[in-house]
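1. I need the structure of the sequence given here:
(one chain, ligands or ions: 1)
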Amino acid sequence: MEFESLLLEIAEGIATVTINRPKALNAMNAAVLGELECAFTALNSNPEVGCIILTGSGEKAFVAGADISAMAPLDAVTARDFALLGHRVMQLIEKGPKPVIAAVNGFALGGGCELAMGCDLRIASDNAKFGQPEVNLGVIPGFGGTQRLPRLIGKGRAMELVLTGDMIDAQEALRIGLVNKVYPLAELLGETKKVAKKILSKGPLAVRLSKEAICNGVEMDLDRACGYEADLFGFCFATADQKEGMQAFLEKRPAKFTGR
Ligand code: CAA
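-> Residues are numbered from 1 along each chain as shown. Below you'll find the predicted structure:
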């Protein structure tokens with residue numbers, strides 16, 4: 001696959017997608033979003049890929065937001081279409097069958113923070129900065145910020161970030177649960193790959209179903225969500241991975257999962 005604004009590398013079951021517009025701090029215009037849509041559609045069905053890392057080019061930014069120069073001339077209809085395109089990309093990541101880890105290597109603002117929240121895990125460099133600064137521009141977050149942020153960090157903290165437009169640093173993001181881990185920038189990709197490798201060593205179907213159970217269940221009431229979990233748990237027992245995983249434990253040996 002050839003892209004203008006993305007780099008894509010696949011090695012040892014891990015796909016690394018890098019948004020590559022460093023001069024614009026990797027800001028996302030419609031072309032970048034379209035390429036992300038293409039890349040994730042292909043990766044989601046590529047059997048060689050078990051885990052996806054999403055990061056930004058350069059040492060300054062993950063993604064500094066949706067591209068303000070591209071948004072400035074939009075009207076109500078084209079802005080809505082732009083937001084819907086952003087939502088499609090976030091959902092492709094969030095609902096996709098493979099774990100996606102954001103390696104947040106600098107500014108993750110507006111659409112960049114929203115993109116990171118669409119991922120399953122967020123690992124940040126110590127220079128990363130997060131925020132939803134849309135109110136500074138006279139708009140509201142448009143790629144899910146008003147929805148995923150309260151689900152992730154709670155309504156009160158989400159209100160504070162969205163209403164003030166304040167930026168927070170990586171340590172504060174860690175403290176409030178917006179990111180999972182923080183590392184020095186030079187170690188970010190290496191440490192993120194370690195997490196990806198750890199996930200790859202587990203039962204692939206169990207990983208996939210766990211992601212499904214959490215992503216879909218969190219939107220249901222607890223009774224329905226627990227019923228849904230029970231169904232998926234039961235489904236695991238129709239797989240070779242369950243037989244192998246439990247047999248290997250009982251025989252005190254490492255499991256050899258096949259993803260079947
Ligand atoms: N869109 C377009 N271009 C952007 C951009 C963005 N979101 N963010 C940075 N850039 C560009 C700058 O215009 C600048 O380009 P030039 O060199 O051609 O002037 C280049 O990237 C470098 O940026 P700065 O010179 O501003 O770098 P800095 O270190 O002084 O500041 C920053 C960094 C604080 C991130 C600042 O660039 C900034 O505030 N950017 C905008 C952040 C923002 O408001 N993001 C939200 C966008 S709205 C949104 O995302 C809506 C949504 O939910 C869908």
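2. pLDDT score for the residue of the stretch 101-250 of the chain found nearest the ligand?
-> Residue of the stretch 101-250 of the chain nearest the ligand, by C-beta to the nearest ligand atom: Gly110 (2.5 Å). To be clear about C-beta, it is placed using only N, CA and C from the backbone, and glycine gets the same treatment. Listed pLDDT for Gly110 reads 98.
3. from memory it sits against Pro133, does it?
-> Yes - when contacts are counted by C-beta atoms under 8 Å, Gly110 is listed as touching Pro133 (5.9 Å).
4. and the helix or strand where Cys215 lies, what does it pack onto?
-> Under the criterion of DSSP states H and E, Cys215 resides in helix 204-217. Applying 3 or more C-beta pairs under 8 Å, 6 or more residues apart in numbering; DSSP states H and E, one finds that helix 204-217 contacts helix 222-236, helix 240-250.
5. what are the ranges of the strands in the stretch 51-200 of the chain?
-> In the stretch 51-200 of the chain, the segments counted as strands under DSSP state E, counting those that start in this stretch are 51-56, 61-63, 100-104, 107-109, 121-125, 129-131, 167-169, 181-183.
6. Please identify the deepest-packed of those strands.
-> Highest mean neighbour count among those (mean count of other C-beta atoms under 10 Å): strand 61-63, with a mean of 29.
7. between the strands of the stretch 51-200 of the chain, which one is nearest to Glu94?
-> Closest approach to Glu94 among the strands of the stretch 51-200 of the chain is made by strand 100-104 (8.0 Å; C-beta to C-beta).
8. List the contacts of the closest residue to Asn216 other than its chain neighbours.
-> What sits nearest to Asn216 in space, not counting adjacent residues and going by C-beta to C-beta, 6 or more residues apart in numbering, is Tyr228, at 6.7 Å. By C-beta atoms under 8 Å, 6 or more residues apart in numbering, Tyr228 lies in contact with Ala213, Asn216, Gly217, Met220.
9. what helix or strand is the last one on?
-> Under the assignment given by DSSP H and E, Met220 is not contained in any helix or strand.
10. Quickly note the distance from Pro97 to Gly131.
-> Note on Pro97: its distance to Gly131, by C-beta to C-beta, to the nearest Å, is 31 Å.
11. my bad, Phe235
-> For Phe235, the distance to Gly131 equals 40 Å [C-beta to C-beta].
12. Now the residue nearest the centre of the chain: phi and psi?
-> Among the residues of the chain, Cys119 comes closest to the average C-alpha position under C-alpha atoms, centre = their mean, at 1.2 Å. Per-residue torsions, Cys119: phi -80, psi 170 (degrees, to the nearest 10).
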